[in-house]
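Participant: Next one to model:
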Amino acid sequence: MFGKLAADALGISDIGQIIKPQDYDKTDSDDYLMQEEGEKIYFLIKSKSDEYCFTNHALIHLDGTSAMSKKRLLKRYGYSKYHLQNVHLETAGTVDLDIEIKFTLGDQKFSIDVNKKQLESLKDLYKALVKIAELQFENAQMLKYSQQSLSTATEATTRNHSQQTALEQFQSLNEYSFGWLKSAHQNYVRKDYGDVYEKFINN
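Facilitator: Presented below is the predicted three-dimensional model:
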């Protein structure tokens, strides 16, 4: 009992281990996959209190209060809604037992400690997250440009005198705008990043 309490106090119990694919089914995160929608695990870090499960659709975080408690809070951060930023990898010093991967997802900041012996594997996750962040930024910019383009075209059209009645013009513009925005959303709001993980993760 004393050993566990000491580990909690020193932070040692929170050092995560990267789980191998053959052991994914032994973790709690595996139970919460949207398998019906093609979701699969690409990277999983497990400590005594937390699990960080990186899938093609989301980060699934089983948040434990401490290594002594079995109580968990399940949090899901879908990539179509939460964007990655500020991805960093902190390597270990001479006496450090752990390395850290840090990033922001939406407005939530993460700092995950991992056994320093698993640095090479963590580098793969780092590269994948950096690439996803880059793609999300580019897509957000393209979506913004698409919306601005529609606004400019709409203003130009309404200034142009037409034989259409006001109602006909409104209906026509509304239908066209909806189709344009729907197409832009489909093109630039990605849900699945499995191809990125498959490119960078070497299990």
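
Participant: Tell me which stretches of this protein form helices.
Facilitator: Taking DSSP state H as the test, the helices found in the chain are 2-10, 119-159, 166-188, 194-200.

Participant: Identify all contacting residues around the last one.
Facilitator: Outside helix 194-200, the residues within contact range by Cβ atoms under 8 Å, 6 or more residues apart in numbering are Lys40, Tyr42, Phe43, Phe54, Asn56, Asp124, Leu125, Lys127, Ala128, Lys131, Ile132, Leu135. Heads up, the C-betas are built off the backbone N, CA and C, glycines and all.

Participant: can you put those residues in TSV and add pLDDT and distance to Gln147?
Facilitator: Putting those into TSV (pLDDT from 0 to 100; distance: Cβ to Cβ, whole Å) gives the following:
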residue	pLDDT	distance to Gln147
Lys40	96	33
Tyr42	97	32
Phe43	97	33
Phe54	98	30
Asn56	97	27
Asp124	97	35
Leu125	97	33
Lys127	97	31
Ala128	97	29
Lys131	97	25
Ile132	97	22
Leu135	94	19
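
Participant: For the residue nearest the centre of the chain, give me the pLDDT.
Facilitator: Of all residues in the chain, the one closest to the mean position by Cα atoms, centre = their mean is Tyr79, 4.4 Å from it. pLDDT, Tyr79: 96.

Participant: can you check Ala92 too?
Facilitator: For Ala92, the predicted pLDDT is 81.

Participant: For the closest residue to it other than its chain neighbours, which residues are in contact?
Facilitator: Closest residue to Ala92 apart from its sequence neighbours, by Cβ to Cβ, 6 or more residues apart in numbering: Lys116 at 4.0 Å. Contacts of Lys116 were listed using Cβ under 8 Å, 6+ apart, and they are Thr91, Ala92, Asp96, Leu97, Asp98, Ile99.

Participant: Of those, which pair is most distant in space?
Facilitator: Put simply, by Cβ to Cβ the two of the contacts of Lys116 set farthest apart are Thr91 and Leu97, 12.5 Å from each other.

Participant: ok now do the residue nearest to Ser146 when sequence neighbours are not counted, which residues does it touch?
Facilitator: Leaving aside its sequence neighbours, Ser146 sits nearest to Ala184 (Cβ to Cβ, 6+ apart; 3.9 Å). Counting by Cβ under 8 Å, 6+ apart, Ala184 makes contact with Met142, Leu143, Ser146, Gln147, Leu150.

Participant: re earlier: the residue nearest to the centre of the chain and Glu36, how far apart?
Facilitator: Here Tyr79 is placed at a distance of 18 Å from Glu36 (Cβ to Cβ, to the nearest Å).

Participant: Same question for Ala92.
Facilitator: 40 Å.

Participant: returning to that earlier point: which one of the helices of the chain has the lowest average pLDDT?
Facilitator: Among the helices of the chain, helix 2-10 has the lowest mean pLDDT, at a mean of 40.

Participant: the more surrounded of Ala92 and Glu36?
Facilitator: Ala92 (15 against 6; other Cβ atoms under 10 Å).
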